[in-house]
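S.K.: coords please:
(one chain, ligands or ions: 1)
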Amino acid sequence: MTTTPTVVRLRDVSQRFVIRKDKSLKERLVNAARSRKHREDFWALRDVDLDIHAGTTVGLIGPNGSGKSTLLKTIGGILQPTSGTVERRGRLAALLELGAGFHPDLTGRENVYLNASILGLSRATTDRYFDEIVDFSGIEKFIDTQVKFYSSGMYVRLAFAVAVHVDPDVLLVDEVLAVGDEPFQRKCLDKIRSFQKDGRTIVLVTHALDQVVDMCDRAVVLESGRVVVDGEPTVATRTLRDDFETARRAEADSSPSASTAPGARVLAVRALDEDGQEFRELSAGQSIRVQVDVESPAPLDDWVLGIGIDTPSGMSVFGTNTQLLGQRMPVLRGRQQFEIRLDNVCLGPGRYELHGALAIWSGPELHRLPQAANFSVSNGGVSVGLLGSTPTLVR
Ligand SMILES: Nc1ncnc2c1ncn2[C@@H]1O[C@H](COP(=O)(O)OP(=O)(O)OP(=O)(O)O)[C@@H](O)[C@H]1O
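M.R.: The predicted structure follows:
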């Protein structure tokens with residue numbers, strides 16, 4: 001349990017938007033006298049309770065349109081909730097979607113001053129930080145250009161530079177960082193890490209799930225405006241990946257190719273050692289015999305068998321399939337067993353999971369069995385990371 005004070009507290013927060021839709025031509029003809037638009041309520045957030053503790057880094061994740069940016073804006077006070085309460089403490093700086101925060105007709109310089117004053121900085125303090133802000137942004141050549149002529153990357157560079165230089169207690173970052181080039185993204189991540197060391201609070205919206213596992217203390221998964229998981233980043237990203245997988249499978253099931261192979265599926269995956277025994281602990285350089293049971297009620301031609309190794313958060317570490325191996329599989333009828341041998345497996349210490357999959361040659365995946373088997377790798381604590389190796393200090 002975190003015992004640090006709460007800097008943001010949301011209770012029962014819902015956010016409704018009114019969407020105006022153009023009526024169809026038919027509707028317009030039938031109801032000619034009425035307006036051409038009709039209104040529809042849309043709930044972008046529903047009954048959200050959230051406590052964010054000082055000094056923590058929280059990732060907001062979820063599918064497109066699930067309400068992440070809306071939640072971030074509600075936390076930041078840019079949006080007032082339709083119902084519920086939001087309390088915040090301390091100075092809050094937000095880097096939101098492109099276009100928010102800067103005035104297009106003002107120059108970069110004018111926007112820096114305007115933004116800093118909105119965030120509560122005096123002119124004298126901004127004067128003191130100004131060179132550092134411009135230096136961090138790397139766009140000094142354009143600082144006296146109106147921001148409407150900025151590229152998205154230039155815009156984000158300046159916005160991020162302002163946000164991190166106003167000494168915020170809480171930093172809110174929407175996924176806009178992704179539009180910066182790689183060196184700038186790295187610079188931002190370094191800055192975020194130094195903020196974490198300073199004990200500041202960060203709320204991050206992102207689609208980079210591995211980054212969430214890497215950087216966040218906690219992750220909140222939103223789906224259709226509701227919080228579905230709030231907890232350990234590995235658990236949250238796993239849940240989200242599983243939900244993506246379920247959605248993908250439902251889509252594949254309704255695709256025309258699925259009807260050519262109804263019920264084709266992976267039944268089981270086993271990790272065997274060289275003697276054909278199932279194992280739980282892998283030693284460096286060992287081979288793995290991955291045994292897969294598959295089934296197709298109707299004869300299935302031109303199919304591909306795939307296997308993979310993943311981390312518990314669902315990150316893919318290794319994957320192969322019979323198409324990559326250039327091997328055509330025999331027609332699959334009923335239940336059959338296949339084996340793919342992986343030689344010289346060198347994984348870093350940790351837990352790993354195996355999945356099996358069945359696909360159409362150059363076509364969609366028909367079925368995947370995730371987390372079908374698991375094993376762990378230990379190396380006496382001499383290294384960390386996904387790659388397995390035996391390090392030695394030579395001189
Ligand atoms: N001002 C608005 N008026 C009407 N609908 C809105 C408004 N802002 C957001 N929405 C709708 O609310 C839903 C949630 O949007 P939001 O931007 O919060 O999603 P998101 O999870 O950040 O998505 P993405 O991953 O695509 O950025 C979407 O369906 C969006 O169309």
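S.K.: contacting residues around the strand or helix carrying Thr85?
M.R.: When elements are defined using DSSP states H and E, Thr85 is found to belong to strand 83-88. Strand 83-88 has contacts (C-beta atoms under 8 Å, 6 or more residues apart in numbering) with 7-14, 47-48, 74-75, 77, 170. The C-beta positions use only the backbone N, C-alpha and C, and glycine is treated the same way.
S.K.: Looking at the residues you listed, which is nearest Lys187?
M.R.: Taking C-beta to C-beta as the measure, Lys187 lies nearest Val170 of the contacts of strand 83-88, at 20.6 Å.
S.K.: Tell me who's in contact with the nearest residue to Asp230 once chain neighbours are set aside.
M.R.: Distance criterion C-beta to C-beta, 6 or more residues apart in numbering; nearest residue to Asp230, sequence neighbours excluded, is Val220 at 4.9 Å. If you count contacts by C-beta under 8 Å, 6+ apart, Val220 has them with 50, 58-61, 227, 229-230, 236.
S.K.: is it fair to say Val220 lies in a strand?
M.R.: Yes. Under DSSP: H, G, I helix; E, B strand; the rest coil, Val220 falls within a strand.
S.K.: any idea how far it is from the ligand?
M.R.: 11 Å (C-beta to the nearest ligand atom, to the nearest Å).
S.K.: Okay, and the beta partners of that residue?
M.R.: Leu60, Asp230 (DSSP bridges).
S.K.: go on, Ala268?
M.R.: Asp293.
S.K.: Identify the residues contacting it.
M.R.: Going by C-beta under 8 Å, 6+ apart, the list of residues near Ala268 reads 292-293, 356, 369, 372.
S.K.: And Thr206, by the same measure?
M.R.: 59-61, 175, 178, 212.
S.K.: now Val213
M.R.: 233-234, 237, 313, 315.
S.K.: and what of Phe142?
M.R.: 108, 149-150, 154.
S.K.: so which of the contacts of strand 83-88 comes closest to the ligand?
M.R.: Thr74 (9.3 Å; C-beta to the nearest ligand atom).
S.K.: Quick check: pLDDT value at that closest one.
M.R.: pLDDT recorded at Thr74 is 93.
S.K.: Report the secondary structure state of it.
M.R.: Three-state assignment for Thr74 (three-state DSSP): helix.
S.K.: Name the member of the contacts of Ala268 with the most neighbours.
M.R.: Gly356 (27 neighbours; other C-beta atoms under 10 Å).
S.K.: any idea how far it is from the ligand?
M.R.: The separation that Gly356 has from the ligand, given C-beta to the nearest ligand atom, amounts to 30 Å.
S.K.: Quickly list what that residue is bridged to.
M.R.: Beta-bridge partners, per DSSP bridges, of Gly356: Ile307, Leu369.
S.K.: which one of the contacts of Thr206 is nearest the ligand?
M.R.: Checking the contacts of Thr206 one by one against the ligand (C-beta to the nearest ligand atom), the nearest turns out to be Glu175, at 6.6 Å.
S.K.: these two touch, right, the closest one and His207?
M.R.: Yes. In terms of C-beta atoms under 8 Å, Glu175 counts as a neighbour of His207; the distance is 6.2 Å.
S.K.: Looking at these two, which is more packed in?
M.R.: More neighbours surround Glu175 than the other of Glu175 and His207, with 18 against 14 (other C-beta under 10 Å).
S.K.: tell me the contacts of that one?
M.R.: Contacts of Glu175 (C-beta under 8 Å, 6+ apart): 205-207.
S.K.: what are the phi and psi values for it?
M.R.: phi -70, psi 10 (degrees, to the nearest 10).
S.K.: ok, back up a step: can I get the contacts of Glu175 in a markdown table including secondary structure and pLDDT?
M.R.: Output for these, formatted as a markdown table (DSSP: H, G, I helix; E, B strand; the rest coil; pLDDT from 0 to 100):
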| residue | secondary structure | pLDDT |
| --- | --- | --- |
| Val205 | strand | 93 |
| Thr206 | coil | 90 |
| His207 | coil | 89 |
